[in-house]
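Undergrad: Next input, structure requested:
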Amino acid sequence: MRTKDFIFILIVIAVFLPFTISDTIYNWYLSFNAEHGMVMSFMKFGILATMGELLGLRISRGVYYFEGFGVLPRAVVWGILGMGINMAFIVFSTGVPAFMGYMGMDNPSGVMAGSLTFEKVLLAFSVSVVMNSIFAPVFMTLHKITDTHIMNNGGTLKGLFTPIKMGEIMQNLNWKIQWGFVFKKTIPLFWFPAHTITFLLPGEMRVLFAALLGVLLGVILSVAARKK
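TA: I've put the predicted structure just below:
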């Protein structure tokens, strides 16, 4: 095992270990998450999703970092996107059951709050499909744009806050991959079932689970990129 791989594993352990060995820390997490959900969303995605990108880079290029990659700017962007994801979870997990009730489903809010049943799984799947069909393409495209912007500005934090050349970046995106793989394959094959599980979890665990999924997706995308 290389030294950098060992260090990366130690960092992962350091992030998660306190929550597994200390009830005090875990209870603090639950309390703080309930009172400051958007702040925790920023922290969860800023740390975990960025770690996923570093791991993906290790798989695709054999390194955890290269000059201009911009770890800190990516963490800031992931944090902001994480808050958007938290907002989307609230909007769609509330709105879709309300719509299902409008369409005639009996007590959808009660179904979501109740024990695991076939109806609850079906409803969670419906929330996932609607959210990922409407929100995910915009989210993924925005993430790709910010990635490109960070790289174009040398991976610096100062460069992150320069005006984004939206039209130019969007014009030069590889839409064949963006549509043919990112939208067409990862959304129905990965995100639909993954977020079905997400919406079956208690509310306080959903954003954390989504951030962990971001780590896994970073690995999947890197493996796919390596095969191309």
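Undergrad: mind listing the helices for this structure?
TA: Ranges of helices within the chain are 3-21, 23-35, 37-44, 50-61, 71-102, 108-113, 118-134, 136-152, 157-160, 166-172, 175-177, 192-198, 203-227, based on DSSP state H.
Undergrad: got the angle for the second one vs helix 37-44?
TA: If I follow you right, that is helix 23-35. Interaxial angle of helix 23-35 relative to helix 37-44 (axes from the mean of the first three to the mean of the last three CA atoms, to 10 degrees): 120 degrees.
Undergrad: Can you measure across stretch 62-78, start residue to end residue?
TA: Terminal residues of stretch 62-78 are spaced 23 Å apart (CA to CA, to the nearest Å).
Undergrad: for the record, mean pLDDT for it?
TA: Confidence over stretch 62-78 (mean pLDDT, whole number) is 88.
Undergrad: which intervals of this structure have sub-threshold pLDDT?
TA: Counting by pLDDT under 70, the chain has low-confidence residues at 1-21, 218, 220-228.
Undergrad: ok, 50 please
TA: Counting by pLDDT under 50, the chain shows no low-confidence range.
Undergrad: Include mean neighbour count when you put the helices of the chain into TSV, please.
TA: From N, CA and C alone the C-beta is placed, and that goes for glycine too. Rendered in TSV, the data for those read as follows (neighbours: other CB atoms under 10 Å):
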stretch	mean neighbour count
helix 3-21	11
helix 23-35	12
helix 37-44	19
helix 50-61	19
helix 71-102	18
helix 108-113	17
helix 118-134	18
helix 136-152	17
helix 157-160	14
helix 166-172	11
helix 175-177	12
helix 192-198	18
helix 203-227	17
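Undergrad: could the ones you listed go into JSON lines alongside distance to residue 183?
TA: Conversion of the helices of the chain to JSON lines gives the following (distance: least, CB to CB, whole Å):
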{"stretch": "helix 3-21", "distance to residue 183": "30"}
{"stretch": "helix 23-35", "distance to residue 183": "31"}
{"stretch": "helix 37-44", "distance to residue 183": "24"}
{"stretch": "helix 50-61", "distance to residue 183": "19"}
{"stretch": "helix 71-102", "distance to residue 183": "17"}
{"stretch": "helix 108-113", "distance to residue 183": "27"}
{"stretch": "helix 118-134", "distance to residue 183": "10"}
{"stretch": "helix 136-152", "distance to residue 183": "6"}
{"stretch": "helix 157-160", "distance to residue 183": "25"}
{"stretch": "helix 166-172", "distance to residue 183": "15"}
{"stretch": "helix 175-177", "distance to residue 183": "10"}
{"stretch": "helix 192-198", "distance to residue 183": "12"}
{"stretch": "helix 203-227", "distance to residue 183": "13"}
